[in-house]
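Engineer: Quick one, what's the 3D model for this:
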Amino acid sequence: MDDNLHSPQRRLIELRIEHGDLDDLIDRAMLAPANLDELSLRRLKKRRLGLRDQIARLELQLSPPEPA
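Structural biologist: Below you'll find the model as predicted:
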């Protein structure tokens, strides 16, 4: 069971959830810009981009491209 807690599939799910949460937070901040300063918004967007890169790398590890 402990293996399941640290599996790449579980990590991928966690990253996707965090990415979705950041998407929602950024969308709400864009609608009410007074709630978040520009620097904080840029940091959130950078974090979201980093998560997207991690997700892409993990997806490649879990399902490598088929040979030509």
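Engineer: which residues does Leu44 contact?
Structural biologist: Going by CB atoms under 8 Å, 6 or more residues apart in numbering, Leu44 touches 22, 25-26, 29, 36. Yep, even glycine has a C-beta here, placed from its N, CA and C like the rest.
Engineer: out of those, which are buried?
Structural biologist: Buried members of these, scored by 16 or more other CB atoms under 10 Å, are 22, 26, 29, 36.
Engineer: Now for the chain, the helix or strand with the poorest mean pLDDT.
Structural biologist: One helix or strand of the chain scores below all others by mean pLDDT, DSSP states H and E: helix 2-5, with a mean of 68.
Engineer: Can you name the next helix or strand after that one?
Structural biologist: Moving toward the C-terminus from helix 2-5, the next helix or strand (DSSP states H and E) is helix 8-31.
Engineer: and the angle from the helix or strand following that following helix to helix 8-31?
Structural biologist: Downstream of helix 8-31, the next assigned helix or strand under DSSP H and E is helix 38-62. Relative orientation of helix 38-62 versus helix 8-31 (axes from the mean of the first three to the mean of the last three CA atoms, to 10 degrees): 160 degrees.
Engineer: and helix 38-62, how far out from the chain's middle?
Structural biologist: How far helix 38-62 lies from its chain's middle: 5 Å, per CA atoms, centre = their mean, to the nearest Å.
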